[in-house]
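just coords:
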């Protein structure tokens with residue numbers, strides 16, 4: 001009897017091992033079906049065309065079609081496909097399924113490798129071979145992309161991380177004009193929640209060159225953009241920071257170097273901001289009704305208060321330096337956006353601090369006349385190190401260090417009328 005029990009147990013294990021690839025294949029098919037269903041939205045239609053499930057492997061064919069008529073028309077106008085069919089060869093593992101996917105009749109030599117756990121979490125790696133493209137209907141232009149890659153992971157909770165590397169992209173015209181990007185990199189992690197991306201992303205490029213066929217019209221070195229957004233779950237407040245850093249930009253008008261822009265949108269009311277984003281993202285073309293629908297949420301957004309802050313804006317222009325920072329705050333409880341907009345603008349408080357050197361003014365003499373006039377008006381202060389502007393925003397007026405007051409609308413209206 002004991003031997004029979006052992007044989008039965010062994011037989012059960014063997015049976016489980018033999019059946020497990022089938023179970024994994026079935027679970028994997030369900031995971032893919034769920035993923036396809038999740039991919040369907042107003043812009044994209046996704047469907048499984050064919051799924052042939054085997055013992056140790058499966059073959060799937062999925063189709064993706066652009067639904068958005070505006071986007072579809074743009075792709076058609078550029079001679080680009082609006083429908084893609086993806087062939088996937090799937091292997092059944094013990095606790096995951098792996099797939100190698102390619103796009104049928106697609107001009108870019110791309111291959112996507114994915115490994116999906118049975119809970120739906122997926123790791124992916126996309127590789128693109130060297131690609132040279134010259135449109136048949138426009139042979140005067142050619143596009144070349146060097147071997148590139150992207151990899152990362154996606155969870156069933158919507159969390160993702162990614163890295164991307166594109167060594168070079170070159171666009172050339174028969175006229176001699178060209179556009180070159182080198183050292184393109186991107187990375188990020190986070191999740192999309194209620195139409196809002198929460199997390200961090202960055203994109204950087206080592207070099208960009210634009211040539212008019214005779215000389216370099218523009219050259220950019222070492223540029224980086226970083227974005228970060230987070231939500232305080234207790235207060236339902238959203239804060240995002242944006243930073244742009246550029247080592248040097250060389251144009252026919254001069255050289256700008258050490259450009260640094262650090263900007264924050266802080267303490268936004270998350271529910272009202274998400275409601276506004278939902279209206280705007282779901283509108284193919286913004287209508288008057290969409291604007292009317294967003295007004296109550298805008299009212300709430302303003303009433304809850306928020307902060308706009310230029311933490312730093314600095315650059316070197318020729319031999320001169322410029323730095324500036326400012327902050328605007330809409331206090332909580334500020335009501336009447338649609339009924340009393342002037343009252344709302346008068347409630348905004350803030351401060352401004354700007355400094356620039358004598359060398360900057362000497363480099364660009366046309367600035368000097370405006371500076372002289374501003375000094376007479378006691379808006380600009382001059383010192384041995386250069387010039388400075390310091391002001392507070394109080395009750396709709398800019399109050400300068402000298403005590404001089406200027407209504408904010410007196411500065412805004414001329415700019416709006418230009």
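All right, it came through fine. Here the structure is a predicted model, which is why all the values come from computation and not from measurement.

Buried by neighbour count: which residues of stretch 160-178 qualify?
Within stretch 160-178, the residues that count as buried by 16 or more other Cβ atoms under 10 Å are 160, 161, 162, 164, 166, 167, 168, 169, 170, 171, 172, 178. Where C-beta positions appear, they are placed from N, C-alpha and C, glycine not excepted.

no no, stretch 388-405
Those would be 389, 390, 391, 393, 396, 397, 398, 399, 400, for stretch 388-405 by 16+ other Cβ under 10 Å.

now swap in stretch 348-361 and tell me
Of all the residues in stretch 348-361, those buried under the rule 16+ other Cβ under 10 Å are 348, 350, 351, 352, 354, 355, 356, 357, 360, 361.

Please report how far the second one lies from residue 265.
Shown here: residue 350 relative to residue 265, a distance of 14 Å by Cβ to Cβ, to the nearest Å.

Would you map the helices across the stretch 1-150 of the chain?
Per DSSP state H, counting those that start in this stretch, the stretch 1-150 of the chain carries helices over the ranges 2-39, 69-77.

Which of the ones you listed has the lowest mean pLDDT?
Mean pLDDT is lowest for helix 2-39 out of the helices of the stretch 1-150 of the chain, coming in at a mean of 48.

Counting neighbours, what do you get for the residue nearest to residue 71 when sequence neighbours are not counted?
Once flanking residues are discounted, residue 71 sits nearest to residue 43: 6.6 Å by Cβ to Cβ, 6 or more residues apart in numbering. When neighbours are defined as other Cβ atoms under 10 Å, residue 43 has 13 of them.

residue contacts, residue 43?
66, 67, 68, 71 (Cβ atoms under 8 Å, 6 or more residues apart in numbering).

Let me know the pLDDT of it.
77.

Could you check how far it is from residue 244?
28 Å.

farthest pair in the contacts of residue 43?
Farthest apart among these by Cβ to Cβ are 67 and 71. That separation is 8.4 Å.

which residues touch stretch 154-168?
Contacts of stretch 154-168 (Cβ under 8 Å, 6+ apart): 119-122, 124, 144-153, 180-193.

Filter the residues you listed down to the buried ones.
120-122, 124, 145-146, 148, 150, 152-153, 180-181, 184, 186-188, 190, 193.

Phi and psi next, for the closest residue in space to residue 129 that isn't next to it in sequence.
Leaving aside its sequence neighbours, residue 129 sits nearest to residue 109 (Cβ to Cβ, 6+ apart; 4.1 Å). Residue 109 adopts backbone torsions of phi -80, psi 80, taken as degrees, to the nearest 10.

Residue 109: what's it in contact with?
128, 129, 130, 131.

Would you mind listing which of those residues are buried?
For those, a burial check counting by 16+ other Cβ under 10 Å picks out 128, 131.

among the contacts of residue 109, which one has the lowest pLDDT?
Within the contacts of residue 109, pLDDT is lowest for residue 131, at 86.

In the sheet, which residues pair with the spatially closest residue to that residue that is not a sequence neighbour? Tell me.
Spatial nearest neighbour of residue 131, excluding adjacent residues (Cβ to Cβ, 6+ apart): residue 145 at 4.8 Å. Note on residue 145: beta-bridge partners residue 131, residue 169, judged by DSSP bridges.

pLDDT score for residue 145?
Looking at residue 145, its pLDDT is 91.

Residue 93 now?
pLDDT, read off for residue 93, is 75.

Name the nearest residue to residue 252, ignoring sequence neighbours.
Leaving aside its sequence neighbours, residue 252 sits nearest to residue 217 (Cβ to Cβ, 6+ apart; 6.7 Å).

how many neighbours does that neighbour have?
Residue 217: 16 neighbours (other Cβ under 10 Å).

counting contacts, what elements does the strand or helix carrying it pack onto?
Using DSSP states H and E, residue 217 sits within strand 216-232. Secondary-structure packing of strand 216-232 (3 or more Cβ pairs under 8 Å, 6 or more residues apart in numbering; DSSP states H and E): strand 196-211, strand 237-251.

and if we set it to 10 Å?
strand 178-193, strand 196-211, strand 237-251, strand 254-269, helix 270-282 (3 or more Cβ pairs under 10 Å, 6 or more residues apart in numbering; DSSP states H and E).

how about that strand: buried residues?
Of all the residues in strand 216-232, those buried under the rule 16+ other Cβ under 10 Å are 217, 219, 220, 223, 225, 226, 227, 228, 229, 231.

distance of the first one from residue 118?
Residue 217 is 54 Å from residue 118, where distance means Cβ to Cβ.

still on that earlier bit, output the buried residues of stretch 160-178 in a markdown table, with pLDDT and distance to residue 36 appended to each entry.
Formatted as a markdown table, the buried residues of stretch 160-178 follow (pLDDT from 0 to 100; distance: Cβ to Cβ, whole Å):
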| residue | pLDDT | distance to residue 36 |
| --- | --- | --- |
| 160 | 91 | 18 |
| 161 | 95 | 22 |
| 162 | 95 | 21 |
| 164 | 96 | 24 |
| 166 | 94 | 28 |
| 167 | 96 | 33 |
| 168 | 96 | 34 |
| 169 | 92 | 31 |
| 170 | 93 | 36 |
| 171 | 89 | 34 |
| 172 | 89 | 39 |
| 178 | 91 | 41 |
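
Present those residues as JSON lines; the columns should include distance to residue 273.
What follows is the buried residues of stretch 160-178, written out as JSON lines (distance: Cβ to Cβ, whole Å):
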{"residue": "160", "distance to residue 273": "22"}
{"residue": "161", "distance to residue 273": "24"}
{"residue": "162", "distance to residue 273": "25"}
{"residue": "164", "distance to residue 273": "28"}
{"residue": "166", "distance to residue 273": "33"}
{"residue": "167", "distance to residue 273": "38"}
{"residue": "168", "distance to residue 273": "38"}
{"residue": "169", "distance to residue 273": "34"}
{"residue": "170", "distance to residue 273": "40"}
{"residue": "171", "distance to residue 273": "37"}
{"residue": "172", "distance to residue 273": "43"}
{"residue": "178", "distance to residue 273": "42"}
